[in-house]
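[1] Have a look; sequence and predicted model below, questions after that.
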Amino acid sequence: MFSHIDFNAFQTINHLAVSERILNPLMIFLAEWGEYVFFAGILFYWFYKISENKNRRMVVEALLAACLALGINVLIGMFIYRDRPFVHHHVNWLIPHAKNDSFPSDHATGAFVIAASIWQWKKRAGWLWLLLAAGISLSRVWTGVHYPADIIAGMLIGTGSAFAVHTLSMRSGKFGKLISFFINFYIKIESLIFKKKIINP
């Protein structure tokens, strides 16, 4: 029953590649390159207003949450294998992709874990990142490489991991100190590198 609903939802979204083909270039870009916008965002926040420690705490939380979320995906993949939609069905397949495991979506997981991590620190900007995560997730179905259930699972795993890590960071003094240790350790290495460059131009 669920798989039938999932496939019907997939067909409805994937058919938009035909009925709304003017949006195909955008969807192809989001499906293939959208994740790199998140990588750029993480780098931006790491170096933006470095005097404010909260930006770097947010980035460390996001990276730890991403490791947790993608680790969960690996564990799920050991017990559940689902073929891509294009393996058994005729679909509007817009981007090249290996015929590997489809469930859950790593793209949706990665996008939502970063977006949710940012949202917990920066509500206004966080909504924009969540919107981008939703666009990337939609594009993976639109282009024919994921079922909606793959996306929903990735969204739940990513968001849940982000909230779990943030909650632990706020409530556990030891975990918060560990994050501070990583940040301070990086700052010391960074200062040594820049000092060396100044001494030896």
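    Nice, thanks for sending it over.
[2] Give the next helix or strand downstream of the helix or strand where residue 150 lies.
    Per DSSP states H and E: residue 150 is located in helix 148-171. The helix or strand immediately downstream of helix 148-171 is helix 173-199, counting by DSSP H and E.
[3] List the buried residues of the helix or strand hosting residue 18.
    For residue 18, the host element (DSSP H and E) is helix 16-19. Residues 16-17 are the ones in helix 16-19 that count as buried (16 or more other C-beta atoms under 10 Å). To be clear about C-beta, it is placed using only N, CA and C from the backbone, and glycine gets the same treatment.
[4] Give me the distance between it and the centre of its chain.
    Distance, stretch centre to chain centre, for helix 16-19: 25 Å (C-alpha atoms, centre = their mean, to the nearest Å).
[5] Now the element after it, going C-ward?
    Taking DSSP H and E, what comes next after helix 16-19 is helix 24-47.
[6] Residues contacting the helix holding residue 18, please?
    The contact list for helix 16-19 (C-beta atoms under 8 Å, 6 or more residues apart in numbering) reads 23-24, 27, 92, 94, 142-144.
[7] pLDDT weak spots in the protein?
    The chain contains residues with pLDDT under 70 at 1-2, 49-52, 193-201.
[8] how does it look with 80?
    1-3, 49-53, 172-173, 176, 187-201 (pLDDT under 80).
[9] Quickly note the distance from the nearest residue to residue 113 once chain neighbours are set aside to residue 186.
    Closest residue to residue 113 apart from its sequence neighbours, by C-beta to C-beta, 6 or more residues apart in numbering: residue 158 at 3.6 Å. Distance from residue 158 to residue 186, counting by C-beta to C-beta, to the nearest Å: 25 Å.
[10] Could you do residue 134 as well?
    32 Å.
[11] So residue 102: helix, strand or coil?
    With DSSP: H, G, I helix; E, B strand; the rest coil as the basis, the three-state label of residue 102 is coil.
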